[in-house]
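Colleague: Prediction below, plus the sequence it came from.
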Amino acid sequence: MSIGHLSLDAQALYGQMLKDLRERLSPTAHLVGITSGGAWLAERLHADLGRTAAMGVVSSSMHRDDFAQRGMADSAATKLPFSVDGAVIWLIDDVLFTGRTIRAVVNELFDYGRPAAVHLAVLVDRGGRELPVQADYAAARLSLPGNQSLRLTRDAQHQFAFSVEG
């Protein structure tokens, strides 16, 4: 995908994320994907890294500050098949924008226990923060107008691409 003169290759960014996280993750750290794009990334990272520590999926739906408008959306339920208490967790997401989803996800995690540490890795950090949230790792950083959204897509062969809406 090309944004203006910028080319954004989701597959290449995923390859960079895979390489970089291979060096950063401890053997006991748990990958937790944020539905839906982050969950897709976490599932693929888990497999490609040959991880043995259980991975999970977390939804922001129940802790969104716009829940009254959005409802449950099309988000999958949270599934954390490990004890959150004392765990080192790497939240995986596709695009970091305002920080509101991350705030909601951290609240959801703490409903399950108290982790030892929570790190955030994203494929793209597009700036525009409304909350003081920072990714520990971003494969790419870019700026888009506030009225546009960047969405990760996945085809039947589990290949990633980006689309811009708005």
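Modeller: Now that the structure is in, tell me what you want to look at.

Colleague: hey, where'd the strands end up in this structure?
Modeller: Secondary structure of the chain (DSSP state E): strands located at 2-3, 6-7, 30-34, 56-58, 88-96, 117-125, 137-141, 149-154, 160-165.

Colleague: could I get the ones you listed as JSON lines with mean neighbour count?
Modeller: In this view, the C-beta of every residue, glycine as well, is placed from N, C-alpha and C. What follows is the strands of the chain, written out as JSON lines (neighbours: other C-beta atoms under 10 Å):
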{"stretch": "strand 2-3", "mean neighbour count": "12"}
{"stretch": "strand 6-7", "mean neighbour count": "10"}
{"stretch": "strand 30-34", "mean neighbour count": "26"}
{"stretch": "strand 56-58", "mean neighbour count": "25"}
{"stretch": "strand 88-96", "mean neighbour count": "24"}
{"stretch": "strand 117-125", "mean neighbour count": "21"}
{"stretch": "strand 137-141", "mean neighbour count": "18"}
{"stretch": "strand 149-154", "mean neighbour count": "17"}
{"stretch": "strand 160-165", "mean neighbour count": "14"}
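
Colleague: Identify the residues contacting the longest helix seen in the chain?
Modeller: Once the chain is assigned using DSSP state H, the helix that runs over the most residues is helix 10-24. Identification of contacts with helix 10-24 by C-beta atoms under 8 Å, 6 or more residues apart in numbering yields 1, 41, 44-45, 48-49, 90, 121, 123-124, 137, 139-140, 152, 159-162.

Colleague: Correct me if wrong: residue 94 contacts residue 35.
Modeller: No. If you go by C-beta atoms under 8 Å, residue 94 and residue 35 don't touch, sitting 10.3 Å apart.

Colleague: if I look at these two, which residues touch both of them?
Modeller: Between them, residue 94 and residue 35 share no neighbouring residue, with contact defined by C-beta under 8 Å, 6+ apart.
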